[in-house]
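S.K.: mind folding the following:
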Amino acid sequence: MLRPRKAKIVATLGPSSQTYEEILSLHQAGADVFRLNFSHGTHDQHRNTYEIIRKIEEFVKSPIAILADLQGPKLRIGEFQECAINLINDATFILDNQNISGDQGRVYLPHPELFKAVRPGVELLLDDGKIRLIVERASEHQIVTRVKVGGKLSNRKGVNIPGVTIPISSITDKDKADLEFALSLGVDWVAISFVQRSEDVSEAKALIGDKAKLISKIEKPKAMEHLAEIVALSDAVMVARGDLGVEMAPEEVPTAQKMIIREGREAGKPVIVATQMLDSMVHSPAPTRAEASDVATAIYDGADAVMLSAESASGEYPQESVSMMSRIITQVENDPFYHNLIQVYRPSARPTVQDAMTAAARQVAQTIPIKAIVIFTETGHSTLSETREKPKSPVVALTPRIETARMMCLYWGTLPILCDPISSLAEMVQKASDRLVANNVVKKGDHVIILAGVPFGQQSGANIMRLVEIDSEYKDK
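M.R.: Numbering: from 1, shown residues only. Model (predicted):
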């Protein structure tokens, strides 16, 4: 399905989008990738959703990507005798290792790693930053704090510690079980949460192997200190602004977003911008003007994809949210300033044959009218190099592997199409033309650029380029 836009849409599925009809309507409205959030739902529910998506994929005859998002090590306090307390400013409050119900003066903290990680003066944020505590002293049994910003604190609220690298893995035992299950289904992408350093990414990649591609969610300020290494090891990154905005000052989040997008584009890795993009549409059929501008800003910045969370998972207007996001993206990409902007900040081609070829294809497409840049690929690597160039023409990726086709649904400006392997230049031109005509991408007289690697079928990367005029004799085989 050739969309009228290049940036992709990731839609989270949930109670508002769990039937065949509901998920199909989201795909038709513009969702390119579906996210299964393993912070919620059972394995049976996710299996059912996965099977529905694959049935829809068969119906629409076009690949659809599925992303499994792991919960990660969410830090939480225990429970209170009365379910909730009210913390008073400047009062003393203790977090300890006693697994008993809390009261006005203390609560259980089931994370022994934190007792060694904190130091006097460190700030603890509870309940998404609504409660702020300052550490006065800490031992292996308790953390004594002074309440800086009080308020109501109830059971199982989250804990964030800005500026501290917590000595725990980003992959919990629950994540390992969820990951094994997700990979057994056949998901295309896996996202890991609360990445702090490159070692977290290496651990996840070792578990995933070649069964899926890895997305690192940037939601800790500590991750920003190791951003280049994290991006280099990941297959894609996500700007997870929810938790990032808890530990980081609100005014710093937009700058962090731009830094992550720039780093991702420089490395040739897709970047997804997520969290509260159209949040008011959870309960309203239209977004605020500020939200529309937020989505537009992400696209102007060069984001490869934007994501809907509660809007499509549990909101009252999931289809309208996807449709609105698609319309905003299309409006931005039709702005001539957008094309000028992303070319001004286009990274230089890396000194490889593949990058030289994809950069040349983008330059040709800017010089003469080119209907599409066609890439024959086994792995998707050449496609990713081309999307780094952000060409005006759509990128049509022809591959014999369904796994590669699904994975490339996240790539900016890319239409993945299944195609039989090729063995000669003549067959390359014939099959490219046939597939483009069959998918209504081109018509007679249109010009396309074809990139491929020779020897054919050896994953050699793009090393030849051919300019082809579409002839009417090409028909779908």
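S.K.: just the strands in the stretch 201-350 of the chain please.
M.R.: With DSSP state E, counting those that start in this stretch as the criterion, the stretch 201-350 of the chain has strands at 213-218, 236-240, 271-274, 305-308.
S.K.: same thing with the stretch 1-150 of the chain?
M.R.: Using DSSP E, counting those that start in this stretch, strands in the stretch 1-150 of the chain cover 8-12, 33-37, 65-69, 84-87, 92-96, 106-108, 123-126, 131-138, 142-149.
S.K.: what are the pairing partners of the first one, and which direction each?
M.R.: Using DSSP bridges, the strands paired with strand 8-12 in its sheet are strand 33-37 (parallel), strand 305-308 (parallel).
S.K.: hey, which of the ones you listed is tucked in deepest?
M.R.: With neighbours defined as mean count of other Cβ atoms under 10 Å, the strands paired with strand 8-12 peak in mean count at strand 305-308, which reaches a mean of 26. Where you see a C-beta, it was placed from the backbone N, CA and C, and this is true even at glycine.
S.K.: give me the mean pLDDT for that one.
M.R.: Strand 305-308 shows a mean pLDDT of 98.
S.K.: quick one on the thing from earlier: in CSV: the strands paired with strand 8-12, plus distance to residue 66.
M.R.: Below are these laid out as CSV (distance: least, Cβ to Cβ, whole Å):
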stretch, distance to residue 66
strand 33-37, 5
strand 305-308, 14
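S.K.: check which helix or strand the residue nearest to residue 418 when sequence neighbours are not counted maps to.
M.R.: Closest residue in space to residue 418, ignoring its immediate chain neighbours: residue 405 at 5.6 Å, by Cβ to Cβ, 6 or more residues apart in numbering. In this assignment (DSSP states H and E), residue 405 forms part of helix 402-407.
S.K.: just checking, what packs against that helix?
M.R.: When contacts are defined as 3 or more Cβ pairs under 8 Å, 6 or more residues apart in numbering; DSSP states H and E, helix 402-407 packs onto strand 65-69, strand 395-399, strand 414-418.
S.K.: can you tell me how far residue 279 sits from residue 111?
M.R.: To residue 111, residue 279 is 29 Å away according to Cβ to Cβ, to the nearest Å.
S.K.: cool, and residue 175?
M.R.: From residue 175 to residue 111 the distance is 16 Å (Cβ to Cβ).
S.K.: neighbour-wise, which of those two wins?
M.R.: residue 175 (22 against 17; other Cβ atoms under 10 Å).
S.K.: so where's this protein shaky on pLDDT?
M.R.: Counting by pLDDT under 70, the chain shows low-confidence ranges at 1, 472-477.
S.K.: and it, what are its domains?
M.R.: Following automatic domain parsing, one gets these domains for the chain: 8-72+170-334, 84-160, 353-469.
S.K.: among these, which comes closest to residue 347?
M.R.: domain 8-72+170-334 (4.7 Å; Cβ to Cβ).
S.K.: and the angle from the longest helix anywhere in the chain to strand 65-69?
M.R.: Looking across the chain with DSSP state H, the single longest helix is helix 43-60. Angle of helix 43-60 versus strand 65-69, following axes from the mean of the first three to the mean of the last three Cα atoms, to 10 degrees, is 160 degrees.
S.K.: how far does helix 43-60 sit from the chain's center?
M.R.: Mean-position distance between helix 43-60 and its chain equals 20 Å (Cα atoms, centre = their mean, to the nearest Å).
S.K.: return the set of buried residues in that helix.
M.R.: Going by neighbour count (16 or more other Cβ atoms under 10 Å), the buried part of helix 43-60 is 46, 49, 50, 52, 53, 56, 57.
S.K.: could the domains of the chain go into TSV alongside distance to residue 344?
M.R.: Formatted as TSV, the domains of the chain follow (distance: least, Cβ to Cβ, whole Å):
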stretch	distance to residue 344
domain 8-72+170-334	10
domain 84-160	36
domain 353-469	11
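S.K.: the ones you listed: which one's closest to residue 78?
M.R.: That would be domain 84-160 among the domains of the chain, by Cβ to Cβ, at 3.2 Å.
S.K.: between the two ends of that closest one, what distance do you get?
M.R.: 19 Å (Cα to Cα, to the nearest Å).
S.K.: ok, residue 342 to residue 354 distance?
M.R.: For residue 342 relative to residue 354 (Cβ to Cβ), the value is 20 Å.
S.K.: skipping adjacent residues, who's closest to residue 286 in space?
M.R.: Residue 286's closest residue in space is residue 324 (Cβ to Cβ, 6+ apart), at 7.4 Å.
S.K.: sorry, that was for residue 72
M.R.: Residue 72 sits nearest to residue 193 (Cβ to Cβ, 6+ apart), 2.7 Å away.
S.K.: same check, this time on residue 423
M.R.: Residue 423's closest residue in space is residue 456 (Cβ to Cβ, 6+ apart), at 5.4 Å.
S.K.: could you look up the SS state of that neighbour?
M.R.: On the three-state scheme (DSSP: H, G, I helix; E, B strand; the rest coil), residue 456 is labelled coil.
S.K.: that one: how many residues sit nearby?
M.R.: Neighbour count of residue 456, defined by other Cβ under 10 Å: 16.
S.K.: picking up where we left off before, in TSV: the buried residues of helix 43-60, plus distance to residue 414.
M.R.: Converted to TSV, the buried residues of helix 43-60 look like this (distance: Cβ to Cβ, whole Å):
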residue	distance to residue 414
46	26
49	24
50	22
52	24
53	19
56	19
57	16
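S.K.: just to check, residue 324 is in contact with residue 280?
M.R.: No: checked against Cβ atoms under 8 Å, the pair residue 324 and residue 280 is beyond contact range at 10.7 Å.
S.K.: hey, what's in contact with both of the two?
M.R.: Shared contacts of residue 324 and residue 280, defined by Cβ atoms under 8 Å, 6 or more residues apart in numbering, comprise 286, 287.
S.K.: neighbour count for these two, which is higher?
M.R.: Set residue 324 next to residue 280 and count neighbours by other Cβ under 10 Å: residue 324 wins out with 24 against 17.
S.K.: if I look at the more buried one, how far off is residue 383?
M.R.: Distance from residue 324 to residue 383, counting by Cβ to Cβ: 28 Å.
S.K.: try residue 100
M.R.: Residue 100 sits at a distance of 56 Å from residue 383 (criterion: Cβ to Cβ).
S.K.: out of those two, which sits in the busier spot?
M.R.: Using other Cβ under 10 Å as the criterion, residue 100 and residue 383 rank with residue 383 on top: 29 against 12.
S.K.: in which helix or strand does that one reside?
M.R.: For residue 383, the host element (DSSP H and E) is helix 381-389.
S.K.: other SSEs contacting that helix?
M.R.: So helix 381-389, by 3+ Cβ pairs under 8 Å, 6+ apart, packs with helix 353-367, strand 372-376, strand 395-399.
S.K.: how about those, which one is nearest residue 118?
M.R.: helix 353-367 (45.5 Å).
S.K.: so that closest one versus strand 372-376, what angle?
M.R.: Using the same axes, to 10 degrees: helix 353-367 against strand 372-376 is 160 degrees.
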